[in-house]
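Trainee: got a structure for you, letters missing:
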């Protein structure tokens with residue numbers, strides 16, 4: 001029986017890394033993005049590609065309607081939609097806050113709701129992994145909007161994991177530090193900025209989408225069949241330890 005996975009935000013850096021990992025592991029893929037041109041640029045005519053906005057109820061449900069039309073039921077979800085909106089609280093506009101909340105929390109809520117709805121209708125087990133941030137776990141200057149959104153996502157993960165455990169549906173998340181992806185290009189736009197960002201982590205360096213995707217792949221796999229309701233930090237120790245000062 002085919003293993004079918006859904007990747008939202010599939011045109012982004014982490015989404016592309018996730019697609020490569022899942023495809024290499026033998027999964028058939030359903031890929032979504034709001035930007036159809038970028039999907040085609042990244043994947044050509046490979047996989048089922050769906051252009052939709054999963055931050056709306058209709059957009060999220062559309063994914064599973066199209067999948068059903070193609071006789072596909074994804075039993076794994078890698079939700080890679082998100083953005084980075086930085087700025088002090090008093091300087092964050094209503095529009096920026098709404099956009100941050102929509103990308104990082106609301107899209108996760110509606111996509112996960114549609115995913116578990118489709119699985120329950122089919123009486124099928126499944127697994128989802130969402131993407132949080134180290135900033136949800138430790139106070140970080142100028143991260144108020146994204147911290148609030150990602151903290152909400154972590155609450156969503158734990159609540160949904162509790163609700164759907166009896167249906168054999170697992171829900172987890174990963175919480176990386178800054179990653180070397182197009183989404184963080186402006187933050188890492190100079191050598192000095194990259195060096196400064198790398199030094200803030202107890203294990204110095206900038207994370208990679210490949211490393212995060214490897215953890216997400218494991219969480220979706222049968223090897224993690226006893227893991228649910230967890231948020232896995234992959235941030236070089238940023239949110240949990242203080243290194244020795246030398």
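Mentor: Sure, I can see it. Predicted, not measured: the structure shown is a model, and the values here were computed from it.
Trainee: Work out the gap between whichever strand or helix holds residue 7 and the centre of the chain.
Mentor: Using DSSP states H and E, residue 7 sits in strand 3-8. With CA atoms, centre = their mean, to the nearest Å as the basis, strand 3-8 stands 13 Å off its chain's centre.
Trainee: Quick check: end-to-end length of stretch 81-100?
Mentor: Terminal residues of stretch 81-100 lie 11 Å apart, using CA to CA, to the nearest Å.
Trainee: One more: stretch 200-212?
Mentor: 19 Å.
Trainee: What are the buried residues along that stretch?
Mentor: In terms of neighbour count (16 or more other CB atoms under 10 Å), stretch 200-212 has its buried residues at 201, 206-210, 212. Glycine gets a C-beta too; all of them are placed from N, C-alpha and C.
Trainee: Likewise for stretch 118-138?
Mentor: For stretch 118-138, burial by neighbour count (16+ other CB under 10 Å) applies to 118-119, 126-137.
Trainee: Just the ones of those residues in strands?
Mentor: 126-131 (DSSP state E).
Trainee: Looking at these, which is nearest residue 39?
Mentor: residue 131 (18.7 Å; CB to CB).
Trainee: Return the residues in contact with the closest one.
Mentor: 14, 79-80, 82, 153, 173-176, 212, 216 (CB atoms under 8 Å, 6 or more residues apart in numbering).
Trainee: thinking again about what came up before, tell me which two of the buried residues of stretch 200-212 sit farthest apart.
Mentor: Farthest apart among the buried residues of stretch 200-212 by CB to CB are 201 and 210. That separation is 17.2 Å.
Trainee: need the longest helix for the protein.
Mentor: Counting by DSSP state H, the longest helix found in the chain is helix 144-164.
Trainee: and the helix or strand just after that helix, which strands flank it?
Mentor: Next helix or strand after helix 144-164 toward the C-terminus (DSSP H and E): strand 169-176. When pairs are called by DSSP bridges, strand 169-176 turns out to pair with strand 126-131 (parallel), strand 231-234 (parallel).
Trainee: Over the shortest one, what's the mean pLDDT, rounded is fine.
Mentor: What it means is strand 231-234. Taken as a whole, strand 231-234 carries a mean pLDDT of 97.
Trainee: Would you mind identifying the next helix or strand past the helix or strand bottoming out on mean pLDDT in the chain?
Mentor: Here the helix or strand of the chain ranked lowest by mean pLDDT, DSSP states H and E is helix 191-199, holding a mean of 75. As assigned by DSSP H and E, the chain's next helix or strand after helix 191-199 is helix 209-220.
Trainee: just to revisit the earlier point, and which of the buried residues of stretch 118-138 is nearest residue 112?
Mentor: For the buried residues of stretch 118-138, the nearest to residue 112 is residue 128 (6.0 Å; CB to CB).
Trainee: tell me which residues form a beta bridge with the closest one?
Mentor: residue 77, residue 171.
Trainee: how many neighbours does the residue lying closest to residue 233 once chain neighbours are set aside have?
Mentor: Closest residue to residue 233 apart from its sequence neighbours, by CB to CB, 6 or more residues apart in numbering: residue 175 at 5.0 Å. Residue 175 sits with 23 neighbouring residues when counted by other CB atoms under 10 Å.
Trainee: so what's residue 175 up against?
Mentor: 131-134, 136-137, 150, 154, 231-235, 239.
Trainee: do the same with residue 9
Mentor: Contacts of residue 9 by CB under 8 Å, 6+ apart are 15, 32-33, 79-82.
Trainee: quick one on the thing from earlier: for the residue nearest to residue 233, give its distance to residue 244.
Mentor: Counting by CB to CB, to the nearest Å, the gap from residue 175 to residue 244 is 24 Å.
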